[in-house]
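Asker: model the following, please.
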Amino acid sequence: MNKSAIRAFGIALFLVGALLALAARFDLNIGLPTKASTNTEHVDELQKKLEQANKEIALLKEQAKQAPRETNQKTDTPKTTTKDTHKSADVPANDTAMTLQIYSGITPYIVAKKLEDGGIIDNSVEMELLLANPKYSRSLQIGSYEVNASMSLEEIAKLITGKKQ
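Answerer: Predicted coordinates:
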């Protein structure tokens, strides 16, 4: 073997090692077998949890169907009582509250989606556009925030960006 062939082989080994180190550092899947791809026990456990969650959802749906029937039976009281309940029903009850977790690298889209999923806001696109506004962009503060449905989009944005109200 000549010197140049040995040098080329050494360089090739160095490049392969560097590639593998970079792939491990940035969690890239370059076709190497991983533990997660052969872990069938974990998959079975997750499938059992999914089945259990689906059963709980079905049970909650049944309970939700039965709840309106019970409230209909309770409203068969005298008419004066039903008038009083209608007056209190006209006042919107925005008591939906949640704790919003902001972590490093979170995007306005994810924040808006979490708020919409939590029932705090109706339209996640509006909140996403508000957070993309230059006044709030790149200002999301890491932490936990208590938000509720009675807050306006502007109030929520000021809270999670640390801007003064």
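Asker: could I get the buried residue list for the host helix or strand of A12?
Answerer: Per DSSP states H and E: A12 is located in helix 3-25. Residues of helix 3-25 classed as buried by neighbour count (16 or more other Cβ atoms under 10 Å): none. (Each C-beta comes from the backbone N, C-alpha and C, glycine too.)
Asker: show me what it is packed against.
Answerer: Judged by 3 or more Cβ pairs under 8 Å, 6 or more residues apart in numbering; DSSP states H and E, helix 3-25 is in contact with no other helix or strand.
Asker: helix or strand right after it?
Answerer: Downstream of helix 3-25 (by DSSP H and E), the next one is helix 40-74.
Asker: how near is L22 to L15?
Answerer: 11 Å (Cβ to Cβ, to the nearest Å).
Asker: again with E126
Answerer: 50 Å.
Asker: for V43, same thing?
Answerer: According to Cβ to Cβ, V43 stands 35 Å off from L15.
Asker: likewise for A157?
Answerer: From A157 to L15 the distance is 48 Å (Cβ to Cβ).
Asker: again, but for Y103
Answerer: 36 Å.
Asker: what residue is smack in the middle of the chain?
Answerer: The geometric centre of the chain, computed from its C-alpha atoms, lies nearest to K114 (Cα atoms, centre = their mean), at 4.8 Å.
Asker: just the element for it, please.
Answerer: Counting by DSSP H and E, K114 is found in helix 108-117.
Asker: now for that helix, which elements pack on it?
Answerer: Contact analysis of helix 108-117 by 3+ Cβ pairs under 8 Å, 6+ apart lists strand 97-102, helix 124-132 as its packing neighbours.
Asker: could you pull up the mean pLDDT of the last one?
Answerer: The average pLDDT within helix 124-132 is 90.
Asker: any regions of this protein where pLDDT drops low?
Answerer: For the chain, the stretches flagged by pLDDT under 70 are 29-39, 68-94, 165.
Asker: if you set the cut-off to 90 instead, what comes out?
Answerer: 1, 19-50, 52-97, 103-108, 118, 123-124, 128, 131-141, 161-165 (pLDDT under 90).
Asker: flag every buried residue along the helix holding K114.
Answerer: 108, 111-116.
Asker: winner for burial among the helices and strands packed on helix 108-117?
Answerer: Using mean count of other Cβ atoms under 10 Å, the stretch among the helices and strands packed on helix 108-117 with the largest mean neighbour count is helix 124-132, at a mean of 17.
Asker: now do it: distance to the chain's middle.
Answerer: Centroid displacement of helix 124-132 relative to its chain, using Cα atoms, centre = their mean, to the nearest Å, is 16 Å.
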